[in-house]
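**Q** sequence and computational prediction follow.
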Amino acid sequence: MLNEEVATRFARSLRALVRIEEAVVLASSIGITLTMAVIVIGRYAPFRVPFGLEDISTLLGAWLYFTAVGLVTFHGIHISGGILPLIVKNPRTQNYVELAVAALCVIVSGYFCIQAFSYCHWTLTAGIVSRSLRIPAAYTSASLCVGGVLMTFHFLVRSMPLLSGMTTSQHQQERETNDAG
């Protein structure tokens, strides 16, 4: 009973987190599209482009990219070969290989987080700012930290079914069944 309640709360929290990620990706996509359109049109139009749009588009682009990295990891739609079942026929061996790959992904993304936080700290303490608007670079580099944390978290969540002996394809089928129902 308690496990079901915890699982339900976790699933709701995860869905809320994904909705926030989707909102950030959508907002930054719209923002970067508008700023880039103004910049491009401004080159050929008789009006002057507002000062500092390049800084804003860089900031939005970083948030778009690194938030989308977490979202792509959650959905499992990043580039993957899918040749494991062709090479390894035993489902148990497939699970071990997938578990090893999942562990490696968590370790690498965790290392990325450490580096991202170190870089963000450096930009903050060094007082690095953008050229035009003097926006602190920490605002942009914070997107690295958020993206790294999201990616590591989603890799951990995606690896949980592997610990129970379920292959990634079985988990994907179960997930699609639950989403449809």
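**A** All right, it came through fine.
**Q** center of the chain, which residue is that?
**A** By C-alpha atoms, centre = their mean, the chain has its centre lying nearest to residue 70, at 1.5 Å.
**Q** the longest helix seen in the chain packs against which elements?
**A** Using DSSP state H to define each element, the chain has its longest helix at helix 2-44. For helix 2-44, the elements it packs on are helix 53-75, helix 137-163, judged by 3 or more C-beta pairs under 8 Å, 6 or more residues apart in numbering; DSSP states H and E. (Each C-beta comes from the backbone N, C-alpha and C, glycine too.)
**Q** chain center to the longest one: distance?
**A** If I follow you right, that is helix 137-163. Computed by C-alpha atoms, centre = their mean, to the nearest Å, the chain-centroid distance of helix 137-163 equals 6 Å.
**Q** now do it against helix 2-44, angle only.
**A** Here helix 137-163 runs at an angle of 140 degrees relative to helix 2-44 (axes from the mean of the first three to the mean of the last three C-alpha atoms, to 10 degrees).
**Q** just the first one next, same as before
**A** Between helix 53-75 and helix 2-44, the angle formed by their directions is 150 degrees, by the same axes, to 10 degrees.
**Q** next helix or strand past helix 53-75?
**A** helix 84-87 (DSSP states H and E).
**Q** follow-up on the earlier one: now the residue nearest to the centre of the chain, nearest residue through space, not along the chain?
**A** Residue nearest to residue 70 in three dimensions, not counting chain neighbours: residue 150, with 2.6 Å by C-beta to C-beta, 6 or more residues apart in numbering.
**Q** show me what the helix or strand encompassing residue 107 is packed against.
**A** Using DSSP H and E, residue 107 sits in helix 91-126. Secondary-structure packing of helix 91-126 (3+ C-beta pairs under 8 Å, 6+ apart): helix 84-87, helix 137-163.
**Q** the ones you listed into a markdown table, with extra columns for mean neighbour count and mean pLDDT?
**A** Converted to a markdown table, the helices and strands packed on helix 91-126 look like this (neighbours: other C-beta atoms under 10 Å; pLDDT from 0 to 100):
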| stretch | mean neighbour count | mean pLDDT |
| --- | --- | --- |
| helix 84-87 | 11 | 84 |
| helix 137-163 | 20 | 92 |
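**Q** tell me which of those sits nearest to residue 28.
**A** helix 137-163 (9.1 Å; C-beta to C-beta).
**Q** let me see the contact set for residue 56.
**A** Shown in contact with residue 56 (C-beta atoms under 8 Å, 6 or more residues apart in numbering): 31, 35, 133.
**Q** neighbour-wise, give me the winner out of those residues.
**A** Of all the contacts of residue 56, the most densely surrounded is residue 35 (22 neighbours; neighbours counted as other C-beta atoms under 10 Å).
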